[in-house]
Each structure stands twice: as C-alpha cells, then as structure tokens.
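*Asks:* Turn this into a structure:
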Amino acid sequence: MVLVGRLKVPYQDLFFYTVQDLHLLLKGHEIDKRDDWDRTRVGGYISIIPDLKKGSKITPAQLYPMPWDKKEDQGSFIDRAKEKLEKFKKLWQN
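*Replies:* As a prediction, the model looks like this:
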C-alpha cells in the first residue's frame, strides 16, 4: 500500500475523496500540528518556571507567540472569504 503525503492517505483512496473530504483532512492535519506546537510551547514554559521571578505573570503565549494566538474578528474572515469567492468566480468564467 502506497501512502501519499504527510497525511499518509492511501493512494487508491484519493480517488474517492471529494474536495470537502480533502479540505477536512488538511484541517485535521493543521490541528494536529498546532497541538504539537502547543505541547512544545508548554513544555518550554514549564522548563523555565524555576528561573522566573516570584510573582511573574508570563504565560506560554507570551513566552513564544504563535500566529494562531491572534484573535481574528469574524468580519475580516468573512470579507476575505467573499473576496476569494469573487476571484474564483472570475477565474471560472474566463
């Protein structure tokens, strides 16, 4: 059995997946990677706790910020999605 990519999807199964299935597979992979990074960040935080000043209020997110720590307002996400949809429609019509 031949496995494809980092997701380790069997090659013969790729033909039966819809675009939505592939999107969900990729989203799950991204969540797994985030979890790995979050565990690493917390491990690093725990390792420096003895060296912190007493009463220090540093958090793992302050110690090593990640791109997904920034809260994204829903409006900007929807606006970007609409822009992408319009671009796709223009490409599709041409």
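
*Asks:* Determine the set of other helices and strands touching the helix or strand harbouring residue 30.
*Replies:* Per DSSP states H and E, residue 30 falls inside helix 19-48. Counting contacts by 3 or more CB pairs under 8 Å, 6 or more residues apart in numbering; DSSP states H and E, helix 19-48 packs against helix 60-63. For every residue, glycine as well, the C-beta is placed using N, CA and C.

*Asks:* for the helix it packs on, the distance to its chain's centre please.
*Replies:* The chain centroid and the centroid of helix 60-63 are separated by 18 Å, computed with CA atoms, centre = their mean, to the nearest Å.

*Asks:* Touching it from outside, list them.
*Replies:* Helix 60-63 is contacted from outside by 38, 41, 42, 44, 45, 48, 69, using CB atoms under 8 Å, 6 or more residues apart in numbering.

*Asks:* Which PyMOL command selects the buried ones in those?
*Replies:* Buried members of the contacts of helix 60-63, defined by 16 or more other CB atoms under 10 Å, are picked up in PyMOL with:
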select buried, resi 38+41+45
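
*Asks:* Take the contacts of helix 60-63 and lay them out in a markdown table including pLDDT and distance to residue 2.
*Replies:* Shown next, in a markdown table, are the contacts of helix 60-63 (pLDDT from 0 to 100; distance: CB to CB, whole Å):
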| residue | pLDDT | distance to residue 2 |
| --- | --- | --- |
| 38 | 93 | 32 |
| 41 | 93 | 35 |
| 42 | 94 | 36 |
| 44 | 93 | 37 |
| 45 | 92 | 40 |
| 48 | 92 | 44 |
| 69 | 84 | 37 |
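
*Asks:* between the contacts of helix 60-63, which is closest to residue 31?
*Replies:* residue 38 (10.3 Å; CB to CB).
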